[in-house]
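Colleague: Turn this into a model:
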Amino acid sequence: MDTISRGFRSSERRQRTDTARWGAYAVVVRAERSQHQNRRLALARLQALADADAAEAQAARDGQAHWLHHQVQRGDPVRVFDGPGFVEKGRVKLMPSR
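Modeller: So this is what the prediction gives:
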């Protein structure tokens, strides 16, 4: 988290701040006079952004799982088992997928 005051004391500080690596999200809050309140608001906004991103990623995973579930080919056995001892009866050659 980087806080911005009214000015920089030295050019070294300015360079270090300007070349800092940014994360995935950036929020600027100047709504309140207090730095503490602005920081609290910024953290709340960052949490909302992270939650929305996580929900979107979860929805994408759920959609992909649903799609993959319907891509399963049923009714073409590869291995056949028989009897109460569940003995393998034989293998079946797979047909090329359509």
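Colleague: CA atoms for contacts and neighbours, from now on please.
Modeller: Noted.
Colleague: the bottom helix or strand of this structure by mean pLDDT?
Modeller: When each helix and strand of the chain is scored by mean pLDDT, DSSP states H and E, helix 11-18 comes last, with a mean of 57.
Colleague: List the buried residues in the helix or strand that comes right after that helix.
Modeller: Once helix 11-18 ends, the next helix or strand along the chain (criterion: DSSP states H and E) is helix 35-69. Under the neighbour-count criterion of 16 or more other C-alpha atoms under 10 Å, helix 35-69 has Asn38, Arg39, Leu41, Ala42, Arg45, Leu46, Leu49 buried.
Colleague: now do stretch 70-81
Modeller: Under 16+ other C-alpha under 10 Å, stretch 70-81 has no buried positions.
Colleague: Compute the first-to-last residue distance for that stretch.
Modeller: 25 Å (C-alpha to C-alpha, to the nearest Å).
Colleague: if we can go back for a sec, which member of the buried residues of helix 35-69 is positioned nearest Lys89?
Modeller: Leu49 (56.1 Å; C-alpha to C-alpha).
Colleague: How confident was the prediction at that closest one?
Modeller: Looking at Leu49, its pLDDT is 93.
Colleague: Next, give phi and psi for the residue nearest to it when sequence neighbours are not counted.
Modeller: In space, and not counting its chain neighbours, Leu49 is closest to Tyr25: 7.6 Å by C-alpha to C-alpha, 6 or more residues apart in numbering. Backbone torsions of Tyr25, given as degrees, to the nearest 10, read phi -120, psi 150.
Colleague: what's the neighbour count on Tyr25?
Modeller: 10 (other C-alpha atoms under 10 Å).
Colleague: I'd assumed Leu46 was in contact with it.
Modeller: Yes - using C-alpha atoms under 8 Å, Tyr25 makes contact with Leu46 at a distance of 7.0 Å.
Colleague: re earlier: tell me which of the buried residues of helix 35-69 is nearest to Val87?
Modeller: Out of these, the member with the shortest distance to Val87 (by C-alpha to C-alpha) is Leu49, at 55.3 Å.
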